[in-house]
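S.K.: Below is the structure, and that's it, no one-letter string:
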């Protein structure tokens, strides 16, 4: 989660987070440990009935596997600023995980896959000015 344009760069900026994640997620042992932690937490929440989902009786517990996906949620973005575009242009596509940027749709923050953008899609979105609102 990055809130406002001042959170985009610096020692805790987007590019630094991606570099840190690349170093962690390039280690298969760390990815396995992280996947196990996520599965354990999800299963605990499920057992305590703290989450609601379409539960299958054929599946007793959830497991996590596959390529990690990292999602940046950006809030309070000023679309007139070129700062985010400049930072995103300088990012290389990560080798160890799928990088996504979340765009809220219909004034909500439900993080559905159709609202996620790849790095290329996000660059394209940032490179175009907002449509004119003049009649």
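M.R.: Received the coordinates, thanks. Since the model is a prediction, treat every value here as computed from it, not as a measurement.
S.K.: Which neighbouring elements make contact with the helix or strand of the chain with the lowest mean pLDDT?
M.R.: Here the helix or strand of the chain ranked lowest by mean pLDDT, DSSP states H and E is strand 116-117, holding a mean of 86. Counting contacts by 3 or more CB pairs under 8 Å, 6 or more residues apart in numbering; DSSP states H and E, strand 116-117 is packed against strand 98-102. No exception for glycine: its C-beta is placed from N, CA and C like everyone else's.
S.K.: strands paired with the strand it packs on, and their directions?
M.R.: With DSSP bridges as the test, strand 98-102 is paired with strand 69-75 (parallel), strand 116-117 (antiparallel).
S.K.: Out of the ones you listed, which one sits most buried?
M.R.: strand 116-117 (a mean of 18; mean count of other CB atoms under 10 Å).
S.K.: between the very next helix or strand once past it and strand 69-75, how many degrees?
M.R.: Going down the chain from strand 116-117, the next helix or strand is helix 119-127, by DSSP states H and E. Inter-element angle recorded for helix 119-127 and strand 69-75: 10 degrees (by axes from the mean of the first three to the mean of the last three CA atoms, to 10 degrees).
S.K.: for helix 119-127, which positions count as buried?
M.R.: By neighbour count with 16 or more other CB atoms under 10 Å, helix 119-127 contains the buried residues 119, 122, 126.
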